[in-house]
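> Kindly generate the corresponding structure for this input.
(one chain, ligands or ions: 2)
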Amino acid sequence: MEQFLEFAGIGKSFPGVRALNDISFRVQRGKVLALLGENGAGKSTLLKIMSGDLKADEGTITLDGKEMNFNSPNDAIKAGISVIYQERQLIPSLSVAENIFPGELPRNKIGLLDRPQLKRQTQELIDKFGLSIDPSVPVGSLSVAYQQMVEIIKAYRRNSDVIAFDEPTAPLTDTEITILFNLIRQLKEEGKMILYVSHRLNEIFQVTDEIVVLKDGQLVATLKTAETTEADLIHSMVGRDIGDTYSSLSRNDKIGDVLLEVTNLATPYVSDISFKLHKGEIVGFAGLVGAGRSEVMRGIFGADPVLAGEVKLNGEIVNFKSPKDAIDAGIALCPEDRKEQGLVLFSSIKNNVSAPVIDKLSNSIFRNPKLEEEIAQAAIDKFSIKTPNSEKMCLELSGGNQQKVILGRWTSPLVTTNILILDEPTKGIDVGTKQEIYQMVCDFAKQGMGVIFVSSEMPEVIGVSDTIIVMHNGHITGTTTRADNPTEESVLAMAMLD
Ligand SMILES: Nc1ncnc2c1ncn2[C@@H]1O[C@H](COP(=O)(O)OP(=O)(O)OP(=O)(O)O)[C@@H](O)[C@H]1O
Ligand SMILES: [Mg+2]
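Ligands and ions are numbered 1, 2, ... in the order given. Model (predicted):
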């Protein structure tokens, strides 16, 4: 019998977009296949078709010789297919065990929930994967990483033959990524078929066997990971070589006066934060996920209360009480979590981009639709946002393209910014656009802005910043500059200090 998952001639259109066109490939048992491609290439759409969330316009999916026809996500689950998305699909108030055994909880003789047995069965699964999770705690009390592990165990428990991951590592620390990869290897040894989507190419080489590259909804390459180089991958994804990412950046060489000076800042989450940002300087904040970098930014921006210390802008103490005060003083913050803090998903690209400058776009009565369209179009061009037009709802954009809309909002021509704070700006962004974002950050510095660049990806924080501040556990544990030639190892060592 045929033992693989097969996509044959899959096609899918949305209004104005051919998201997938004639996609055909196979995933063998015991193999991990990477789905790679630029933002908007069609990766998530393909997974959504496979999980019964969307219906294909054309084509078939066959599992072990049997054609799959899904009308709902439940049909896919029953057929042995699980997709693990970044947005968790667990119920936070229920325990780990109840999430892993939904609807099929073990009952005792008189029909009541058999808690000891539920706990035992869950513990067996947890042990099998060598994890340390307490089956009885509510899922909502676990870290994002552990929630993801609970989802994997849940998929495993449902006897899923196919398990797909859509950008699973974005919220994870390095240690957690190692645990995830060990889980994936275990699933692979058991003969599962695994699909893996990520923009981090080093992960592709660590954990996958084969690679399918999508570009604008077309399949452009099917490769064996062992026979491929990073340069090959970038070439087939982007359609051109992008050269050495960091050495080819055109940087600012004139760093000016102190713009922002933070002294002994404390908020409920961080303490004793002191650093300076000069005109034309890029200050990077490195550290492990959870080190407190976003919290420092929130404190500076007036989004979290300042308990002690001071924030000086051009020599004057400002200590902003609200983000509005910070914005009025010329500070822009691109937040890390686009859904919670940035983007209005049910609104168009145009409305999202013009949100911070809306009063500049209108006189007392009339808005200026032409100017509004121009600044939206500028953002679409600058970040190559993949969309038929500026009216498209952000909800309908791919993940990476939503991130680009946020960047477009804070870098629009009408926003007068002296200090730009970018918190994980390249999360979910494809390699080609990442390069453009790095150059843009350098260009802002050239214009005399001070830029704060927060990132958990060591290579980019080292490659882009003039000064690198390293944090751990809510305080600064080290500072280094580009002149010191920092390496990933040297920065990581500081990130582990107490
Ligand atoms: N519900 C929808 N309505 C309209 N268009 C959509 C919808 N979902 C996706 N699209 C479009 O389909 C195309 C493919 O999107 P998809 O989310 O599959 O990309 P992706 O490869 O996952 O990108 P990313 O790396 O940014 O996550 C994009 O042009 C997107 O705007
Ligand atoms: Mg996607």
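
> Spell out which residues of this protein are next to ligand 1.
14, 17, 19, 37, 39-45, 386, 396-401 (CB under 6 Å from any ligand atom). Backbone N, C-alpha and C define where each C-beta goes, glycine included.

> Closest residue of the stretch 1-150 of the chain to ligand 2?
Ranking the residues of the stretch 1-150 of the chain by distance to ligand 2 (CB to the ion) places residue 44 first, at 3.2 Å.

> no no, the stretch 351-498 of the chain
Nearest residue of the stretch 351-498 of the chain to ligand 2: residue 399, at 4.3 Å (CB to the ion).

> That residue: neighbouring residues, count only.
Applying other CB atoms under 10 Å, we find 22 other residues in the vicinity of residue 399.

> That one reaches residue 44, doesn't it?
Yes. If you go by CB atoms under 8 Å, residue 399 and residue 44 touch, sitting 6.8 Å apart.

> element containing residue 76?
For residue 76, the element it lies in under DSSP states H and E is helix 73-78.

> Wait, residue 12 touches residue 50, no?
No. Here residue 12 does not reach residue 50: they are 11.4 Å apart, not a contact under CB under 8 Å.

> okay, these two: which has more neighbours?
Ranked by neighbour count (other CB under 10 Å), residue 12 and residue 50 place residue 50 first, with 25 against 22.

> mind listing what the more buried one touches?
Residue 50 makes contact with 7, 61, 76, 81, 83, 162, 164, 195, according to CB atoms under 8 Å, 6 or more residues apart in numbering.

> Which ones among the residues you listed lie within helices?
Members of those lying in helices (criterion: DSSP state H): residue 76.

> From the contacts of residue 50, which land in strands?
Among the contacts of residue 50, DSSP state E puts 7, 61, 81, 83, 162, 164, 195 in strands.

> would you list these in CSV and tack on pLDDT?
Converted to CSV, those look like this (pLDDT from 0 to 100):
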residue, pLDDT
7, 97
61, 95
81, 94
83, 92
162, 95
164, 95
195, 97
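
> Okay, now the unreliable bits of the stretch 351-498 of the chain?
Within the stretch 351-498 of the chain, the set of residues satisfying pLDDT under 70 comprises 359, 361-366.

> where do the strands sit along it?
419-423, 450-454, 467-472, 475-481 (DSSP state E, counting those that start in this stretch).

> Just checking: what are the partner strands of the longest one?
What it means is strand 475-481. Paired with strand 475-481 in the same sheet, following DSSP bridges, are strand 467-472 (antiparallel).

> And for the first one?
When sheet partners are counted by DSSP bridges, strand 419-423 sits next to strand 331-334 (parallel), strand 450-454 (parallel).

> coming back round to it: can you mark which positions in the helix holding residue 76 are buried?
73, 76, 77 (16 or more other CB atoms under 10 Å).

> Kindly report the same for stretch 4-20.
For stretch 4-20, a neighbour-count test (16+ other CB under 10 Å) marks 5, 6, 7, 10, 11, 12, 17, 19, 20 as buried.

> need the residues you listed in CSV with secondary structure, can you?
Conversion of the buried residues of stretch 4-20 to CSV gives the following (DSSP: H, G, I helix; E, B strand; the rest coil):
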residue, secondary structure
5, strand
6, strand
7, strand
10, strand
11, strand
12, strand
17, strand
19, strand
20, strand
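
> ok, of these, which one's closest to ligand 1?
Closest to ligand 1 out of those is residue 19 (3.5 Å), distances taken as CB to the nearest ligand atom.

> you'd agree that closest one is up against residue 214?
No. Taking CB under 8 Å as the definition, residue 19 is not a contact partner of residue 214, at 9.8 Å.

> which neighbours do the two share?
Residues touching both residue 19 and residue 214 (CB under 8 Å, 6+ apart) are residue 42.

> Could I get the phi/psi values of the residue nearest to the residue of the stretch 351-498 of the chain closest to ligand 2 when sequence neighbours are not counted?
Distance criterion CB to CB, 6 or more residues apart in numbering; nearest residue to residue 399, sequence neighbours excluded, is residue 428 at 4.8 Å. With angles defined as degrees, to the nearest 10, residue 428 sits at phi 80, psi 10.

> May I have the beta-bridge partners of residue 419?
Residues in a beta bridge with residue 419, per DSSP bridges, are residue 331, residue 450.

> what residues are up against residue 162?
5, 27, 50, 63, 80, 81, 82, 192, 193, 194, 195.

> Doesn't residue 262 belong to a strand?
Yes. Membership of residue 262 in a strand is supported by three-state DSSP.

> Please shift the residue numbers so they start at 494 in all later answers.
That works, and once the first residue is 494, the last one we named lands at residue 755.

> what's the spacing between it and ligand 2?
36 Å (CB to the ion, to the nearest Å).

> Where do the helices of the stretch 594-743 of the chain begin and end?
608-621, 637-650, 667-682, 694-700, 723-731 (DSSP state H, counting those that start in this stretch).

> count of residues packed around the nearest residue to residue 711 once chain neighbours are set aside?
Counting by CB to CB, 6+ apart, residue 711 lies nearest to residue 514, which is 5.4 Å off, once chain neighbours are set aside. Number of residues near residue 514 (other CB under 10 Å) recorded here: 19.

> any idea which helix or strand carries residue 514?
Going by DSSP H and E, residue 514 is in strand 510-521.

> and that strand, how far from the chain's centre?
Distance, stretch centre to chain centre, for strand 510-521: 23 Å (CA atoms, centre = their mean, to the nearest Å).

> Please tell me how far residue 502 sits from ligand 1.
17 Å (CB to the nearest ligand atom, to the nearest Å).

> The helix or strand where that residue lies packs against which elements?
Following DSSP H and E, one finds residue 502 within strand 497-507. When contacts are defined as 3 or more CB pairs under 8 Å, 6 or more residues apart in numbering; DSSP states H and E, strand 497-507 sits against strand 510-521, helix 536-543, strand 551-556.

> Of all those, which one comes closest to residue 609?
Ranking the helices and strands packed on strand 497-507 by their distance to residue 609 (criterion: CB to CB) puts strand 551-556 first, at 36.1 Å.

> So which residues make contact with the helix or strand following that closest one?
Going down the chain from strand 551-556, the next helix or strand is strand 559-561, by DSSP H and E. With contact meaning CB under 8 Å, 6+ apart, strand 559-561 is reached by 553, 554, 555, 569, 572, 574.

> quick one: which of those residues is nearest residue 586?
Among the contacts of strand 559-561, residue 569 lies closest to residue 586 (CB to CB), at 25.5 Å.

> From residue 567, how far off is the residue nearest to that closest one when sequence neighbours are not counted?
Spatial nearest neighbour of residue 569, chain neighbours left out: residue 545 (3.8 Å); criterion: CB to CB, 6+ apart. To residue 567, residue 545 is 7 Å away according to CB to CB, to the nearest Å.

> got it, and residue 751?
Per CB to CB, residue 751 is found 59 Å from residue 567.

> Residue 521 too?
Counting by CB to CB - residue 521 and residue 567 are separated by 26 Å.

> same question, residue 509
30 Å.

> Spit out the contact partners of residue 718.
Neighbouring residues of residue 718 by CB under 8 Å, 6+ apart: 527, 697, 698, 701, 702, 703, 704.

> Now the two most distant members of these.
Going by CB to CB, the pair spanning the contacts of residue 718 furthest: 698 and 703, at 12.1 Å.
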